[in-house]
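Asks: predicted coordinates and the sequence they were generated for:
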Amino acid sequence: MIKTTDNIVNNYLYLIDKEKEDFLKERMNLLNKKLMYSNLHRISKDEDELDKVLGKNSDDSDKENTEKGDKAK
C-alpha cells in the first residue's frame, strides 16, 4: 500500500516537473525569438541610418551594383 502511494506521488511530481520543463522550454523559445527579432530590427535600423548618412537608398545601391555587373559583361 505504501509503495503504491509513493508511486502515485512520484508520478504526480514527475508530471509537475515535466509540465514546468515544457513551459520553460516554450518560454525560452519565445524569448529567443524576441531577441532575434530585436537584433534584426537593430541591424536594419542601423543600415537605414547609414544609408541616410551616405545619401543613398539601399535599393539604389543594389541597382548600381547590378548595372556595374551588366556593364562588365
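Replies: Perfect, I can see it now. Numbers count the residues shown, from 1 in each chain.
Asks: regarding this protein, what is its longest helix?
Replies: Across the chain, the helix with the greatest residue count (assigned by DSSP state H) is helix 2-54.
Asks: tell me how far that one lies from the chain's centre.
Replies: 10 Å (CA atoms, centre = their mean, to the nearest Å).
Asks: so where is this structure shaky, pLDDT-wise?
Replies: Across the chain, the stretches falling below the confidence threshold (pLDDT under 70) are 1-3, 56-73.
Asks: again, only this time at 90
Replies: In the predicted model of the chain, residues 1-20, 24, 28, 30-31, 34-73 satisfy pLDDT under 90.
Asks: just the CA trace of stretch 18-26, in PDB.
Replies: Once side chains and other backbone atoms are set aside, the C-alpha atoms of stretch 18-26 remain, and they are given as PDB (Å, rounded to 0.1, in the frame of the first residue of the first chain):
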ATOM      1  CA  LYS A  18       7.600  17.800 -16.900                       C
ATOM      2  CA  GLU A  19       5.000  20.500 -17.200                       C
ATOM      3  CA  LYS A  20       7.400  23.100 -15.700                       C
ATOM      4  CA  GLU A  21      10.100  21.900 -18.000                       C
ATOM      5  CA  ASP A  22       7.900  22.200 -21.100                       C
ATOM      6  CA  PHE A  23       6.700  25.600 -20.000                       C
ATOM      7  CA  LEU A  24      10.300  26.800 -19.600                       C
ATOM      8  CA  LYS A  25      11.300  25.400 -23.000                       C
ATOM      9  CA  GLU A  26       8.400  27.200 -24.600                       C
END
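Asks: let the chain start at 178 from now.
Replies: I'll keep to 178 as the first residue from here, and by that count the last item is stretch 195-203.
Asks: would you quantify the distance from residue 191 to residue 198?
Replies: For residue 191, the distance to residue 198 under the criterion CB to CB, to the nearest Å works out to 10 Å. All C-beta atoms are positioned from the backbone trio N, CA, C, and that covers glycine.
Asks: same check, this time on residue 184
Replies: Residue 184 sits 21 Å away from residue 198, going by CB to CB.
Asks: same deal with residue 187?
Replies: Separation of residue 187 from residue 198 (CB to CB): 16 Å.
Asks: please apply the same query to residue 218.
Replies: As judged by CB to CB, residue 218 and residue 198 stand 30 Å apart.
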